[in-house]
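K.L.:
Task: produce atomic coordinates for the following.
(chains A and B, ligands or ions: 1)
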Amino acid sequence: MPLGSSFRLHVARRAVVKVNFLSRLISRGSGTVIGGRIGLALAPQLLAYLARERDVILVSGTNGKTTTSAMIAAGWGGAVATNDTGSNMPAGLVAALAANKSSSAVLEVDESWLAQVSKSTSAGVITLLNLSRDQLDRANEVRQIAEKWRVLLASANETEVVANANDPLVVYAAELATNVAWCDVPTPWTTDAVSCPHCTQSLHFTDDSWWCDCGFAKPTTAVTVLRDGLVVRGTRLELDLKLPGEFNRANAAMALTALSLVNADLTGALTRINALASVAGRFSLRRWRGHRVRLLLAKNPAGFAAMLSTLERDDSNVWVAINARVADGHDPSWLYDVPFELLMGHRVFCFGERRLDLATRLDYANVDYVVVSDESLIPVSPDPISLLANYTAFQEWRERSSVC
Amino acid sequence: MLKIGLIYPELLGTYGDGGNALVLAERARRRHISAEIISVGIDDDVPDASIYLLGGGEDGPQRLGAELLRRSSFSSRVRDGSYVLAVCAGLQILGASFAVAGNDEFEGLDLVDVVTRRGATRAIGDLVVRVNERVLVGFENHGGVTTLGVGVQPLGTVERGRGNDGTLDGYRTSTVWASYAHGPVLAMNPWFADTVLEGVLGHELAPLASEADRLYEERRALLVR
Ligand SMILES: [Zn+2]
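P.N.:
Here you go, the predicted model:
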């Protein structure tokens, strides 16, 4: 980009900050997206301008973007520019960079925007977590995204790629890249990659490997291995996360791998990542009408499967909230891809605009459920309740509850 | 014993289509009819079944699914009297040809005289179909326009959404139900699930109350003017 028109860019940058400030002032949401949109309209190269001379790490994938980005930001230490509100398209990225001048930036990026953002920001590191179905009525066909990534990474010679070796679609996307740090981390959800992206034959899976008869297979040169313990570039790191679940251990392993590529101090990073207790409200304990509620975000089948696996057997009551607005995808048919049968033995309270879709799913799974119509009648439990919610339902619950 | 053959869920299960098998099995079991779901993987032979379910899939998986089915005993088993519920990509596969990336006339199984071409736009949204005196509610997400051959009966007429072509949805033969209402269409329409069950079992069934009744009424009230 010719930086000749820097005065215009400077004006645009000021505009982003100012609009965000005004927007917050008149309390129209968090304001970040509105400000970013106006900034982009003023100067299309604003993202490139704001990202110049910074170390930029991008994080993309279907699940874990926000958590992994938060881990990288925390692990890096000091001031790090990051879009921690979850606005992960260019407008949100511009807003995040305009608000923070730090020389380090970690940005979570919507899967379909990755190529454009990677070029604009000249990102040094791209972290690819996983690919599975999400909101199919908006961005359909996960394979098309894998194909787009593949084209991008085949020519991104200057970029270091951190990629999940256990997700065949991610491997397909990254295998032509010059510099790949493969991460051998647990990835239970591979239902969307059973047929080979190269030749469409069926892939074979064992506990710790996968391959196709055509030769496409799990990379054998992993830099990072997470099994009983975590090893990054030959160094054993003691993961002891406050955040729950195997999937968060995998996110942490990939965050530490990305940090190793920007020469961060891994020992300090590990301590700070271990101490993270909540990310953008996720996993946080909230209070609502005398209940203590742990908010868990799950947006798609893979995310739900991961969250369900963190529930304790003795959480007798579980709350689930489902909406189907634009940001959630209008079609809740994915509820039938979620293994709700795992909730057998629990009683599920159904919330959200699509609670009858959820209740019907639970009915057919023979899981005990209650459709909540009068919220004042819900029994108060002495222990915290886990609440699994999809995107807009999660936002609603954050707003209606308060810090515990 | 009701045997439900769920065909290639890894390929043709994009929209929660396995839900249709679950609903059929549960609605049979709750009437004390034993039912078994046989999940047919892409390396498996197609086994004997009372009814096969074909779901939705992306271009590549749809092509692979059609090729695998062509090499299998599926067509002869259907000709011998097994029933089929086919939605979305499944609806297209049973026809003479359909469009996938790079080939606008990919050969189908030719079990039903229908042809699917690429539409100018993708149809994504709620789908409402009048089927005789009943209303079927669902969701569609596909790029096809399907034309029925002479004498092929549609499943019903479109009241909202596109279905085959904006006017008709799906098709109905003596052993096949097909619709563009994808995924758990049987979960959302308990009457349709029972219509299919009664067809396969060959006798009428007593009414069965379930949570799905409330869901169906809610969706119908919202979508039907
Ligand atoms: Zn292959």
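
K.L.:
drop to CA atoms for contacts and neighbour counts, all remaining ones
P.N.:
OK.

K.L.:
What distance do you get for the residue lying closest to residue A:368 once chain neighbours are set aside to the ion?
P.N.:
Closest residue in space to residue A:368, ignoring its immediate chain neighbours: residue A:347 at 4.9 Å, by CA to CA, 6 or more residues apart in numbering or on different chains. Per CA to the ion, to the nearest Å, residue A:347 is found 43 Å from the ion.

K.L.:
tell me which residues form a beta bridge with residue A:347?
P.N.:
residue A:317, residue A:368 (DSSP bridges).

K.L.:
Just to check, it is in contact with residue A:370?
P.N.:
Yes: assessed by CA atoms under 8 Å, residue A:347 is found in contact with residue A:370 at 7.4 Å.

K.L.:
how deep is the residue nearest to residue A:368 tucked in, by neighbour count?
P.N.:
Other residues near residue A:347 come to 16 when the count uses other CA atoms under 10 Å in any protein chain shown.

K.L.:
which residues does it contact?
P.N.:
A:316-318, A:367-370 (CA atoms under 8 Å, 6 or more residues apart in numbering or on different chains).

K.L.:
got it, and residue A:126?
P.N.:
Applying CA under 8 Å, 6+ apart, the residues near residue A:126 are A:57-60, A:118, A:159-162.

K.L.:
Tell me which helix or strand comes right after the helix or strand containing it.
P.N.:
Secondary-structure assignment from DSSP states H and E places residue A:126 in strand A:125-128. Downstream of strand A:125-128, the first helix or strand assigned by DSSP H and E is helix A:142-155.

K.L.:
Can you tell me the closest non-neighbouring residue to the residue of the stretch 201-350 of chain A found nearest the ion?
P.N.:
Residue nearest to the ion within the stretch 201-350 of chain A: residue A:214 (4.3 Å; CA to the ion). Of all residues not flanking residue A:214 in the chain, residue A:199 sits nearest, at 7.1 Å (CA to CA, 6+ apart).

K.L.:
unless I'm mixing things up, that neighbour is touching residue A:213, no?
P.N.:
No: judged on CA under 8 Å, residue A:199 makes no contact with residue A:213 at a distance of 9.3 Å.

K.L.:
Mind checking which of the two has more residues around it?
P.N.:
residue A:199 (15 against 12).

K.L.:
what sits against the closest residue in space to residue B:17 that isn't next to it in sequence?
P.N.:
Once flanking residues are discounted, residue B:17 sits nearest to residue B:183: 3.9 Å by CA to CA, 6+ apart. Residues counted as contacts of residue B:183 (CA under 8 Å, 6+ apart) are A:333, B:13-20, B:55-56, B:87.

K.L.:
Now do residue B:32: how many residues are near it, please.
P.N.:
Here the number of neighbours of residue B:32 (other CA under 10 Å) works out to 9.

K.L.:
if you look at the contacts of residue A:126, which of them are in strands?
P.N.:
Among the contacts of residue A:126, the ones falling in strands (DSSP state E) are A:57-60, A:160-162.

K.L.:
how about the residues of chain B that lie near chain A?
P.N.:
Applying CA under 8 Å from any CA of the partner chain, one finds that chain B approaches chain A through B:10-11, B:15-19, B:22-23, B:26, B:42-43, B:58, B:60-61, B:64, B:124-125, B:139, B:141, B:183-184, B:187-188, B:210-212, B:214-215.

K.L.:
Restricted to helices, list these.
P.N.:
When DSSP state H is applied, the residues of chain B next to chain A are split such that B:18-19, B:22-23, B:26, B:60-61, B:64, B:187-188, B:211-212, B:214-215 fall in helices.

K.L.:
buried sites along stretch B:29-49?
P.N.:
For stretch B:29-49, a neighbour-count test (16 or more other CA atoms under 10 Å in any protein chain shown) marks B:35-40, B:42, B:46-49 as buried.

K.L.:
my guess is residue B:114 meets residue B:150, correct?
P.N.:
No: using CA under 8 Å, residue B:114 makes no contact with residue B:150, being 9.0 Å away.

K.L.:
quick one: which of the two has more around it?
P.N.:
Taking other CA under 10 Å, residue B:114 and residue B:150 do not tie; residue B:114 has more neighbours (23 against 8).

K.L.:
So what pairs up with the more buried one in the strands?
P.N.:
Under the criterion used (DSSP bridges), residue B:114 bridges to residue B:148.

K.L.:
residue contacts, it?
P.N.:
Each residue near residue B:114 by CA under 8 Å, 6+ apart is listed here: B:95-97, B:146-149, B:152.

K.L.:
How many neighbouring residues does the closest residue in space to residue A:275 that isn't next to it in sequence have?
P.N.:
Using CA to CA, 6+ apart and skipping residues adjacent in sequence, the residue nearest residue A:275 is residue A:242, 6.0 Å away. By other CA under 10 Å, 14 other residues sit near residue A:242.

K.L.:
In a strand, residue A:242, correct?
P.N.:
No: Residue A:242: not assigned to a strand; according to DSSP: H, G, I helix; E, B strand; the rest coil it is coil.

K.L.:
isn't it right up against residue A:272?
P.N.:
No: contact criterion CA under 8 Å: residue A:242 and residue A:272 do not qualify, at 10.5 Å.

K.L.:
ok, the most centrally placed residue in chain A - contacts?
P.N.:
Chain A has residue A:65 as the residue nearest its centroid, 2.3 Å off, counting by CA atoms, centre = their mean. Neighbouring residues of residue A:65 by CA under 8 Å, 6+ apart: A:59, A:108-109, A:129.

K.L.:
at 7 Å instead, please
P.N.:
A:59, A:108 (CA atoms under 7 Å, 6 or more residues apart in numbering or on different chains).

K.L.:
Would you quantify the distance from it to the ion?
P.N.:
Taking CA to the ion, one finds residue A:65 at 28 Å from the ion.

K.L.:
what does residue B:139 give?
P.N.:
Taking CA to the ion, one finds residue B:139 at 33 Å from the ion.

K.L.:
Name the nearest residue to that residue, sequence neighbours excluded.
P.N.:
residue B:126 (4.4 Å).

K.L.:
Show the model's pLDDT score for that neighbour.
P.N.:
For residue B:126, the pLDDT comes out at 96.

K.L.:
Next, count neighbours for it.
P.N.:
Using other CA under 10 Å, residue B:126 has 18 neighbouring residues.

K.L.:
quick one: contacts for it?
P.N.:
Taking CA under 7 Å, 6+ apart, one finds B:138-140, B:160-161 in contact with residue B:126.

K.L.:
And what about residue B:128, helix, strand or coil?
P.N.:
Strictly by three-state DSSP, residue B:128 counts as strand.

K.L.:
wouldn't it be in contact with residue B:156 here?
P.N.:
No: applying CA atoms under 7 Å as the test, residue B:128 and residue B:156 come out as separate, 9.5 Å apart.

K.L.:
Looking at the two now, which is surrounded by more residues?
P.N.:
Comparing residue B:128 with residue B:156 by other CA under 10 Å, the one with more neighbours is residue B:128, at 26 against 22.

K.L.:
what's the distance between that one and chain A?
P.N.:
In this view, residue B:128 and chain A are 14 Å apart by CA to the nearest CA, to the nearest Å.

K.L.:
Give the bridge partners for that residue, please.
P.N.:
residue B:137, residue B:160.

K.L.:
Tell me which residues touch it, please.
P.N.:
B:135-138, B:158-161.

K.L.:
swap in residue B:55?
P.N.:
So residue B:55 contacts B:12-13, B:17, B:86-90, B:183 (CA under 7 Å, 6+ apart).

K.L.:
Let me know the pLDDT of residue A:83.
P.N.:
Here the pLDDT value assigned to residue A:83 is 93.

K.L.:
Assess the claim that it and residue A:107 are in contact.
P.N.:
Yes: the pair residue A:83 / residue A:107 is scored as a contact, 5.8 Å apart, by CA under 7 Å.

K.L.:
Can you pull the residues that touch both of those two?
P.N.:
Counting by CA under 7 Å, 6+ apart, the residues touching both residue A:83 and residue A:107 are residue A:93.
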